[in-house]
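Colleague: Got a sequence here, can you model it:
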Amino acid sequence: MNTKGFIAALCLYSSFVYGGSESESTDHFLERPLINFTVGQVGADRRLDNPRRYGIEYRFTPLTRYRLWPSIGIVLGSNDSNFIYAELRRDFRFADHWLLTPSFGLGRFNNRPQFDLGKSLEFRSGLEISRQFNQGYRLGVAVFHLSNGGLSDENPGTEAAALSLSIPLDGS
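Modeller: Predicted coordinates:
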């Protein structure tokens with residue numbers, strides 16, 4: 001089993017997934033849709049002329065008893081690259097106001113001559129740590145890996161890092 005498969009299996013069978021703490025399951029701030037803004041660097045493992053990246057993402061309310069958050073987003077690079085994606089994520093509370101959020105999804109990457117990932121279909125896996133403030137706002141740091149998963153002969157992959165600000169959209 002590969003690393004991604006192991007992490008997915010661990011999440012699905014973890015006691016966190018089957019309910020977590022009572023306070024987490026009743027915390028209505030964790031049940032609201034969010035708009036997430038990010039700024040950071042794409043190609044953190046490469047020497048790019050303009051590595052800045054800016055993103056916006058809509059995080060829907062969690063689905064199922066596993067509390068999986070579907071999300072859609074777009075990331076624009078200052079080097080003219082972009083990535084449009086859909087993914088699933090899961091929040092794990094590890095302290096009063098701190099969340100650890102792994103994610104996995106796929107999307108379309110717009111390859112450029114100076115930044116080519118081998119195929120336009122790319123998988124994205126990530127990990128975000130964030131602090132949740134009153135009223136559900138979050139401030140965090142995230143890292144991501146983009147890869148075509150070996151779907152083409154060339155699979156260079158790349159890393160990205162970002163600061164994120166999540167704003168709740170539903171005031172109920």
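
Colleague: Please give me every residue in contact with Ile74.
Modeller: For Ile74, the contacting residues are 55-57, 82-85, by Cβ atoms under 8 Å, 6 or more residues apart in numbering. For the C-beta atoms, the positions are set from N, CA and C on the backbone; glycine is no exception.

Colleague: Now the element after the host helix or strand of it, going C-ward?
Modeller: Using DSSP states H and E, Ile74 maps to strand 68-77. Using DSSP H and E, the helix or strand that follows strand 68-77 in sequence is strand 82-90.

Colleague: Just the buried positions in that next one, please.
Modeller: By neighbour count on 16 or more other Cβ atoms under 10 Å, the buried set for strand 82-90 is 82-83, 85, 87-90.

Colleague: partners of that strand, with directions?
Modeller: Note on strand 82-90: by DSSP bridges, its sheet partners are strand 68-77 (antiparallel), strand 98-109 (antiparallel).

Colleague: circling back to that earlier point, of the buried residues of strand 82-90, closest to Gln114?
Modeller: Within the buried residues of strand 82-90, the smallest distance to Gln114 is 13.9 Å, found for Asn82 (Cβ to Cβ).

Colleague: What confidence value was assigned to the closest one?
Modeller: Note on Asn82: pLDDT of 90.

Colleague: separation between it and Ile74?
Modeller: Asn82 is 7 Å from Ile74, where distance means Cβ to Cβ, to the nearest Å.

Colleague: Gly43 too?
Modeller: According to Cβ to Cβ, Gly43 stands 17 Å off from Ile74.

Colleague: quick one, helices of the protein?
Modeller: Using DSSP state H, the helices found in the chain span residues 3-13, 22-26.

Colleague: For the buried residues of strand 82-90, give me CSV that also has distance to Leu106.
Modeller: Output for these, formatted as CSV (distance: Cβ to Cβ, whole Å):
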residue, distance to Leu106
Asn82, 15
Phe83, 10
Tyr85, 7
Glu87, 7
Leu88, 10
Arg89, 13
Arg90, 17
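
Colleague: now, among those residues, which is nearest to Ala161?
Modeller: Nearest to Ala161 among the buried residues of strand 82-90, with distances taken as Cβ to Cβ, is Phe83, at 14.4 Å.

Colleague: these two touch, right, the closest one and Phe109?
Modeller: Yes - counting by Cβ atoms under 8 Å, Phe83 does reach Phe109; the two are 4.9 Å apart.
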